Structures are given as C-alpha cells and as structure tokens.
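Q: only geometry, no sequence info:
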C-alpha cells in the first residue's frame, strides 16, 4: 500500500546538501559558479543529457569532452559530417540517439537561429527530445519549474513516498510527486540534487540513509526500515536469444571489408563487417552460406552481445585473401584505421575475435 501522508517535504534540506556535496561534472554549473553569475549553456546541458541516457557518467565524460573539442557550438554540430558524428559516438550505444542528436542540432541551427527553445513544449518540438530531456534542459539551462525524473530520481521518490506500485506503472504517480516537490526557486539545482542523491546516497543497494538530507521524518521507506524494497519493479521477461554470423575478410595488405548499415533500425547508420540477416526478431544464417563471397573461411568462435531487448550470438568467420575483391556493398579499410570508424561495440567484438590486435588502444 502506498503511504501518502507525506504530501510535500521541503526541498531546502536537499538544496543545502547539494550546495555542500554536489558532484563536479564537466557540463554542470555548480552553485559556486552560479553565485558568480555563470549561466548554464543549453548546448552543454542538452548534449550531456542525451549522452547520459542509458549510460554512466564515467563513460560519458570523455565523449562529452571530445564532442565539445570538435564541435564547440550547436551550429558546429549541425554542420558536421554525419559519418563523423556517428564515428565519434561509436561505443556509447543506443545509436538512434546519435542520429537524433544530429537532426536536433540541425533543427536548432536552421529553425531557431542556433538558440535552443527555453520551454518544455518548445524543446519537445525538436527531433529526439522527449519528456525527460525537455524537462531536464528547461530546468537546468533555463530555470523552469519542470519535473525532471530519471532512474536516480525514480529511486529517491519511490523511497521518499514508499510507492509500492511496480515500475513502469508507477511512473505517472512518481512524476506527480516530483512536480509537487520541485521548488519555483532553483529548479535546475533541485533536479541535479535529486540525481546526485540517487547516484551517491540513495543507491540501489545499501543506501547511506544516515547521510541523506531527507532522513529526518521525511523518508517513508526509511520509516519502514525497508529502503531497498523500493522502487518495486515488475518481473523481468527473459530476453530472447538470436543467432547470426559475422565475416571478417582481411587482405595481405591488411585491409578489412566494411559496410554501412541502413539508417533506420538497430545500429542504423553505423559501420559493420558483413553479417547474415539477423534482427531482434529473427535469426540469421550462422554458416558460411551467408558469406559475402567464396573464400577459405575459418571459424574463430562466437561473440555474445546483449542488446536492450535480446541477446545476440554471432558466429565469427575469418578469411585471409590475397587481394581486395570487388564489391558493390562496402569498402576496404586498413585495419590500422579501424579506431576512426563508426563501429558499434558488437562489431568491435567480432573483429577483435578474428584479429586480436585490431583494437590495441580501444576501450569500446
């Protein structure tokens, strides 16, 4: 049963805690900076929020720095080559975000003179910006009283109110509570404080409740002595397993056959080695029957990669050929230049299985 006696705890203890314990992040304007008159850059806020979806802060930091170095303004990103953006994104996953990132930058540049709209509704009119990103940018960049709710905030709010309804069904109620709690003053700092609280104190396991600014009479889950029970999640469905094959062809000169995936769908617009026709819904051929050409293909093992909705098991085949074979579907790239290609992690795994030293310096 949901406990609803706590209608509106004060945001002040949280903001006081944030002033002292906020995380220093490269895209963030800290309270000290704000006191000196520094304003949040909407481009930085938007870019970081898109990158942070389904990704950790530590993983995002180097990508954020590289993007700003190459494209310091949203208009620079709008003018960038699409393949360059996809290559810079490679390794962050969820590649539809990268495609929408480019489309959004173009819309801001062409339709809004390079200036982001300063309201939730205006932001949601842009490609790839949904409710969460619009609320986050509106609150953090434009000080709008918007209810921002990511996974960390869900956890905090579910414990604060002991919301027993399982996710995702509980999201509307959680959003109502966040909106009620968000103050008119410093809504951006409040949103970031909730995120920081969930990331550092109100963690999924063994939360540090004694350090929480809501510990005194506010947190209903703490009163029940059961904070780890929240948020309640619906039982997970077992992920289906799909099968396919990947073909790594290497010439005597050290060039590998690559091709570009179609723009729509899974890994759309990214670079890949030739593969069989697997999808999230159907298996592909796992033998050399799906190879791009006849050669002495040798089995190199299997790569397992977990996507959001399914697990993929790729049989890896390698062929050493004397010279490049003409193909209408792809191009030959030096192995030494693979780091610059828009290869998603699953393709890097496939190549590394066949050519162990292909990514000597890669972390992706």
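A: Perfect, I can see it now. These figures come from a predicted structure and were not determined experimentally.

Q: Now name the helix or strand holding residue 249.
A: strand 241-251 (DSSP states H and E).

Q: So which bits of that strand are buried?
A: By neighbour count with 16 or more other CB atoms under 10 Å, strand 241-251 contains the buried residues 242-251. C-beta here means a position set from N, CA and C on the backbone, and glycine is covered the same way.

Q: In terms of secondary structure, what does it contact?
A: In terms of contacts (3 or more CB pairs under 8 Å, 6 or more residues apart in numbering; DSSP states H and E), strand 241-251 is packed against strand 255-260, strand 311-321, helix 345-354.

Q: Could you identify which of the ones you listed is most buried?
A: helix 345-354 (a mean of 22; mean count of other CB atoms under 10 Å).

Q: helices or strands up against that helix?
A: strand 241-251, strand 298-306, strand 311-321.

Q: Which one of those strands lies nearest to residue 33?
A: strand 298-306 (39.1 Å; CB to CB).

Q: Could you give the average pLDDT over the closest one?
A: Averaged across strand 298-306, the pLDDT comes to 96.

Q: now the angle from the strand holding residue 249 to helix 345-354?
A: Orientation check (axes from the mean of the first three to the mean of the last three CA atoms, to 10 degrees): strand 241-251 against helix 345-354 gives 60 degrees.

Q: Report the inter-axis angle for strand 241-251 versus strand 311-321.
A: 20 degrees.

Q: The residue lying farthest from the centre of the chain - nearest residue in space that isn't next to it in sequence?
A: In the chain, counting by CA atoms, centre = their mean, residue 322 sits farthest out from the average C-alpha position, at 40.7 Å. In space, and not counting its chain neighbours, residue 322 is closest to residue 252: 5.5 Å by CB to CB, 6 or more residues apart in numbering.

Q: Domain-wise, how is this structure divided?
A: 12-147+172-198, 241-354 (automatic domain parsing).

Q: Quick one: distance of the longest one to the chain centre.
A: Spelled out, that is domain 12-147+172-198. Chain-centre distance of domain 12-147+172-198: 12 Å, with CA atoms, centre = their mean, to the nearest Å.

Q: coming back round to it: would you check how far apart the residue nearest to residue 322 and residue 353 are?
A: Distance from residue 252 to residue 353, counting by CB to CB, to the nearest Å: 21 Å.

Q: for this protein, which spans come out with low pLDDT?
A: 1-8, 360-364 (pLDDT under 70).

Q: Distance check, residue 42 against residue 148.
A: Going from residue 42 to residue 148 by CB to CB gives 15 Å.

Q: Can you pick out the residue with more neighbours from these two?
A: Ranked by neighbour count (other CB atoms under 10 Å), residue 42 and residue 148 place residue 148 first, with 27 against 20.

Q: Tell me the secondary structure at that one.
A: coil (DSSP: H, G, I helix; E, B strand; the rest coil).

Q: Tell me which residues touch it, please.
A: Applying CB atoms under 8 Å, 6 or more residues apart in numbering to residue 148 gives the contacts 132, 135-136, 139-140, 178, 182, 191, 194-195.

Q: And residue 340, by the same measure?
A: residue 87.

Q: what about 6 Å?
A: For residue 340, the contact set (CB atoms under 6 Å, 6 or more residues apart in numbering) is empty.

Q: same check, this time on residue 135
A: Neighbouring residues of residue 135 by CB under 6 Å, 6+ apart: 120, 146-148.

Q: Of the residues you listed, which is the most crowded?
A: residue 148 (27 neighbours).

Q: how close does that residue sit to residue 194?
A: 7 Å.

Q: Out of the helices and strands packed on strand 241-251, the one nearest residue 91 is which?
A: Closest of the helices and strands packed on strand 241-251 to residue 91 is helix 345-354, at 6.0 Å (criterion: CB to CB).

Q: Run the angle between the closest one and strand 298-306 for me.
A: Here helix 345-354 runs at an angle of 150 degrees relative to strand 298-306 (the same axes, to 10 degrees).
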